[in-house]
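Novice: Need a 3D model of the sequence below.
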Amino acid sequence: MEKRRFALIGTGNRGTTMWGKDLLAGWREHVDLTAIVEKNSLRGERARNMIGSNAPLYENIDSMLAEQKPDLVIVCTPDHTHDDIVVRALESGIDVITEKPMTTSVEKIRRILDAEKRTGRRVDVSFNYRYAPTAAKIKELLNAGEIGRVTSVDFHWYLNTKHGADYFRRWHAYTENSGSLFVHKATHHFDLLNWYLDSDPESVTSFADLQNYGRKGPFRGPRCKLCPHAHECDYYLDLEADPFLDSLYEDPSKIDGYFRDGCVFREDIDIPDTMVVSLRYRNNVHVSYSLNTFQPIEGHHLAFNGTKGRIELRQYEAQPWEEPKEDTILLIRNFPDGKEAVERIVVPHFTGGHYGGDDRMRNMIFKPDMEDRLAQRAGTRAGAMSVLCGIAALTSSRTGKVVDIADLMPELANDGSPNSLRTSR
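Specialist: Now for the predicted structure:
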């Protein structure tokens with residue numbers, strides 16, 4: 001079988017590992033890394049060494065496309081840059097995989113959708129949570145009608161003080177870069193909702209605030225490494241203690257000035273850290289969602305309420321107590337009729353990122369003849385709808401108004417799709 005020749009664009013943590021070293025390690029018979037594009041030359045060299053590749057390095061995507069002519073590009077750059085790279089690749093006749101979120105604004109969504117339509121090429125959006133075994137099992141239960149018609153959903157995501165704080169150290173802390181965590185992080189969660197419910201979001205209302213990081217901090221410094229408050233700051237990050245991050249970011253920062261250990265209390269941080277959202281879907285499902293970024297726990301709580309029962313999950317990813325290496329889904333029936341009133345469905349944790357979700361997504365994209373019976377493979381429409389949810393939530397939190405998705409992008413809300421977010425191709 002002919003391998004797909006791909007170029008990796010961006011060599012941060014995700015690009016270097018998930019789409020670099022790990023992809024080559026597990027899917028080498030299907031792919032060949034033909035080029036790496038990274039505007040920071042030192043970071044690019046170090047990432048290439050970590051990946052274990054001798055692919056040529058480029059600082060410019062146009063030079064790479066002209067010389068290498070890959071079959072595929074994988075985009076792992078900051079969110080607000082995705083659209084330029086995706087469009088440039090599509091117009092060169094090249095398929096694209098882009099990390100989530102697909103992009104950060106309505107205008108950028110339009111650029112990508114238009115380019116895909118004009119060129120006839122394909123864009124895959126990296127929604128790996130769809131592929132996690134527990135998520136797949138919940139989707140199967142919903143598809144089978146185990147709780148009847150879904151009427152409402154409770155969905156609450158918790159980031160601990162290690163993971164949550166990291167977004168406020170980096171470029172994500174500015175709306176112009178990430179669209180806020182409503183877009184960058186919650187795009188995963190909104191996509192899961194859209195996929196689980198097989199419907200489009202219709203109206204969004206939200207409250208959000210900066211309550212812990214940024215200007216709410218007790219002190220601040222230039223960066224953790226140079227901070228006079230390092231001994232008293234709960235969020236101090238010792239970059240030297242992590243050889244991977246130190247190698248990938250510390251010396252390269254001398255080239256571009258990007259520090260991996262930025263102060264989480266910088267006064268110009270403009271994204272919220274505490275967020276709650278209400279959504280109404282076209283199929284009249286009502287959703288309550290929240291994202292919390294400085295908890296002592298990591299994981300999420302998810303519950304589907306239906307006319308015949310309830311599906312409930314509390315997934316633990318990190319917490320200050322021991323939990324079994326498995327998830328337990330509760331299927332609770334209103335009217336058992338001879339079945340168990342409460343059925344406990346145990347799903348083991350699998351190896352690989354996102355409990356095996358990363359591996360399953362790469363299998364779906366790169367292995368031939370993979371059956372997509374749960375519609376897990378996500379295209380541009382799914383990418384657009386999840387971003388629109390985030391944009392609507394941020395807009396609502398700043399204006400105090402209910403935001404209709406149709407007002408943001410009427411051509412997508414009324415494109416004739418049968419109330420579905422299945423892949424666009």
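Novice: Secondary structure element for Y158, which one?
Specialist: strand 150-160 (DSSP states H and E).
Novice: continuing past that strand, what's the next helix or strand?
Specialist: helix 163-169.
Novice: With just CA atoms, put that next one into CSV.
Specialist: C-alpha atoms of helix 163-169 as CSV (Å, rounded to 0.1, in the frame of the first residue of the first chain):
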residue,chain,number,x,y,z
HIS,A,163,-3.5,21.4,33.7
GLY,A,164,-5.8,24.4,34.0
ALA,A,165,-3.0,26.7,35.0
ASP,A,166,-1.0,25.7,32.0
TYR,A,167,-3.4,27.5,29.6
PHE,A,168,-2.8,30.7,31.5
ARG,A,169,1.0,30.3,31.2
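Novice: What mean pLDDT does that helix get?
Specialist: On average, the pLDDT along helix 163-169 is 98.
Novice: So what's the gap between it and the chain middle?
Specialist: 15 Å (CA atoms, centre = their mean, to the nearest Å).
Novice: Then stretch 49-56?
Specialist: Taking CA atoms, centre = their mean, one finds stretch 49-56 lying 25 Å from the centre of the chain it belongs to.
Novice: likewise stretch 201-217?
Specialist: Relative to its chain's centre, stretch 201-217 lies at 18 Å (CA atoms, centre = their mean).
Novice: Could you work out the end-to-end span of it for me?
Specialist: 35 Å (CA to CA, to the nearest Å).
Novice: buried ones in the strand holding Y158?
Specialist: By neighbour count on 16 or more other CB atoms under 10 Å, the buried set for strand 150-160 is 150, 153-160. For glycine as for every other residue, the C-beta is placed from the backbone atoms N, C-alpha and C.
Novice: elements contacting it?
Specialist: helix 186-197, strand 286-295, strand 298-306 (3 or more CB pairs under 8 Å, 6 or more residues apart in numbering; DSSP states H and E).
Novice: Out of these, which is closest to E232?
Specialist: In terms of CB to CB, the element of the helices and strands packed on strand 150-160 nearest to E232 is strand 286-295, at 17.1 Å.
Novice: Sheet partners, orientation included, of that closest one?
Specialist: strand 150-160 (parallel), strand 274-281 (antiparallel) (DSSP bridges).
Novice: thinking again about what came up before, next, format the helices and strands packed on strand 150-160 as JSON lines and append mean neighbour count and distance to T34.
Specialist: Compiled in JSON lines, these are given as follows (neighbours: other CB atoms under 10 Å; distance: least, CB to CB, whole Å):
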{"stretch": "helix 186-197", "mean neighbour count": "25", "distance to T34": "29"}
{"stretch": "strand 286-295", "mean neighbour count": "20", "distance to T34": "38"}
{"stretch": "strand 298-306", "mean neighbour count": "20", "distance to T34": "37"}
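Novice: out of those, nearest to I405?
Specialist: Of all these, helix 186-197 comes closest under CB to CB, at 10.8 Å.
Novice: That closest one: what's the following helix or strand?
Specialist: Note on helix 186-197: by DSSP H and E, the next helix or strand toward the C-terminus is strand 201-209.
Novice: Any buried residues in that next one, and which?
Specialist: Buried residues in strand 201-209 (16+ other CB under 10 Å): 201-206, 208.
Novice: quick one: the residue of the chain positioned farthest from its centre from Y58, how far?
Specialist: Of all residues in the chain, G338 has its C-alpha farthest from the mean position, at 40.9 Å, by CA atoms, centre = their mean. G338 is 64 Å from Y58, where distance means CB to CB, to the nearest Å.
Novice: From P56, how far off is Q376?
Specialist: 33 Å.
Novice: Please identify which of those two sits among more neighbours.
Specialist: Legend: neighbour count by other CB atoms under 10 Å for Q376 and P56, higher for Q376 (23 against 15).
Novice: what sits against the closest residue to that one other than its chain neighbours?
Specialist: Setting aside the residues directly before and after it, Q376 is nearest to R130 in space (CB to CB, 6 or more residues apart in numbering), at 4.4 Å. Taking CB atoms under 8 Å, 6 or more residues apart in numbering, we find R130 in contact with 136, 139, 191-192, 195, 357, 361, 374, 376, 378.
Novice: same thing with L279?
Specialist: L279 touches 193, 201-204, 286-287, 289, 389, counting by CB under 8 Å, 6+ apart.
Novice: Now do the contacts for L113.
Specialist: So L113 contacts 380-381, 384, 412 (CB under 8 Å, 6+ apart).
Novice: any idea which of these is the one closest to T175?
Specialist: Nearest to T175 among the contacts of L113 is A384, at 18.8 Å by CB to CB.
Novice: I figured the closest one was touching K100, is that so?
Specialist: No: applying CB atoms under 8 Å as the test, A384 and K100 come out as separate, 11.8 Å apart.
Novice: Make CSV out of the buried residues of strand 150-160 and add distance to R14 and pLDDT.
Specialist: Output for these, formatted as CSV (distance: CB to CB, whole Å; pLDDT from 0 to 100):
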residue, distance to R14, pLDDT
V150, 32, 98
V153, 28, 98
D154, 29, 98
F155, 24, 98
H156, 25, 98
W157, 19, 98
Y158, 21, 98
L159, 17, 98
N160, 19, 98
